[in-house]
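Visitor: have a look at this fold, sequence not included:
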């Protein structure tokens, strides 16, 4: 199988790492061939804190995916998240270059470069410059201006920036695992590719991805991303609350959360009981599900309150007809959809990955949304890069320079 036909994505989560390997056909459709997943290491709140540990964990899940797929990959698309991600909307404008006023791909590239001219915070670098809409001679809502006739071309773009050192560390982990980074992708942007419907993205929808160490929030409007934010709080905080509240080790608390956890106390049962081992294993006690839910509910409620605060910062003055799509590992917690509806005062649905074929039974879970989305996003990026003859695809310039640097180092 030709290497160009293969595509891989790596989601380096705080609690779990996932690698997917797929094959892209001529129509750009992705077939999942291999799935590798395992415990994470060296990560905290979406940020690398131990490069060697993160590299070993990444290497294990990639090898597992390669064994299942029966192929080897040399590069992959990498999801990025963490608290040092920021984004803004900006506009760019250029004059159409050709004498006959026909807009070309070169004009689109120039106007996108104009949109990238912003005040970037110190030590930050642009990861994505994503076109939201183009404007041709004052007519807005244009999705692809190539071939149209006009004098002035404008673009409204969403610019995503990340802390350079944080991005370098996560890329260094991948290179130490013996792989190259084909592209950096903002995690909620990738997840949106897998769980959002085109109609939702057009009308307005909020994606909330609740992982172990972070909660990613992204608002989509008119078919593209409008606002993104990463909150440094997630399922691990719920686990910690359970451990403290029941005076039990963290591994026991994590198991109880998965097996008996419920986000709403009124939905939990007082008749469902289980044994809880104390710290040190000196004693055990019986606890019912309703007591456990009483610990879980306040923290989950706080997470969604913070999501609501972030949405207020977006200054989005219209209604959001698509409501909220909830995904990520915590999205499988019983009662969490109902609690999200109550706190955010919007309709909420569970986001299940779609848009791929192959091993769909293995990835049909909110926990795989980002990994599946990486394959879909990567396939689109490759197609656009080929169309624009290597002018950058959907990605920013940062990873191009970092990839060259790490190739020399390793």
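Guide: On my side now, so go ahead. These figures come from a predicted structure and were not determined experimentally.
Visitor: rest of the way, CA atoms for contacts and neighbours
Guide: Will do.
Visitor: now do the strands for the stretch 151-300 of the chain: every range, in order, please.
Guide: For the stretch 151-300 of the chain, strands defined by DSSP state E, counting those that start in this stretch occupy the ranges 152-163, 180-186, 205-210, 215-221, 224-231, 273-277, 284-288.
Visitor: identify the residues contacting the last one?
Guide: The set of residues external to strand 284-288 that reach it, using Cα atoms under 8 Å, 6 or more residues apart in numbering, is 269-278.
Visitor: which parts of that strand are buried?
Guide: By 16 or more other Cα atoms under 10 Å, the buried positions in strand 284-288 come out as 287-288.
Visitor: check stretch 247-256 too.
Guide: For stretch 247-256, the neighbour count (16+ other Cα under 10 Å) marks 248-250, 252-254, 256 as buried.
Visitor: any stretches of the stretch 51-200 of the chain with poor pLDDT?
Guide: Applying pLDDT under 70 to the stretch 51-200 of the chain flags the ranges 83.
Visitor: so where do the helices sit in it?
Guide: Applying DSSP state H, counting those that start in this stretch to the stretch 51-200 of the chain gives helices spanning 51-69, 105-115, 164-176, 187-195, 198-203.
Visitor: report all helices and strands that the shortest one contacts.
Guide: With contacts defined as 3 or more Cα pairs under 8 Å, 6 or more residues apart in numbering; DSSP states H and E, helix 198-203 has these neighbours: strand 215-221.
Visitor: centre of the chain versus the strand it packs on, how much separation?
Guide: Between the centre of strand 215-221 and the centre of its chain there are 9 Å (Cα atoms, centre = their mean, to the nearest Å).
Visitor: just stretch 105-117 next, same as before
Guide: Using Cα atoms, centre = their mean, the offset of stretch 105-117 from its chain centre is 25 Å.
Visitor: could I get the contacting residues of residue 170?
Guide: With contact set as Cα under 8 Å, 6+ apart, residue 170 has these partners: 47-48, 51.
Visitor: will you turn those into JSON lines that also has distance to residue 19?
Guide: Below are those laid out as JSON lines (distance: Cα to Cα, whole Å):
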{"residue": "47", "distance to residue 19": "18"}
{"residue": "48", "distance to residue 19": "17"}
{"residue": "51", "distance to residue 19": "18"}
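Visitor: nearest to residue 142, of those?
Guide: Proximity of the contacts of residue 170 to residue 142 (Cα to Cα) peaks at residue 47, which lies at 37.1 Å.
Visitor: what about residue 237, how many neighbours?
Guide: Neighbourhood size, residue 237 [other Cα atoms under 10 Å]: 18.
Visitor: what residues sit buried inside the helix of greatest length in the chain?
Guide: The longest helix of the chain (DSSP state H) is helix 289-313. Buried residues in helix 289-313, counting neighbours by 16+ other Cα under 10 Å, are found at 289-297, 299-301, 303-304, 306-307, 310-311.
Visitor: and stretch 377-389, by the same measure?
Guide: Going by neighbour count (16+ other Cα under 10 Å), the buried part of stretch 377-389 is 377-385.
Visitor: could you give the separation of that stretch from the chain centroid?
Guide: Centre to centre, stretch against its chain (Cα atoms, centre = their mean), the figure for stretch 377-389 is 19 Å.
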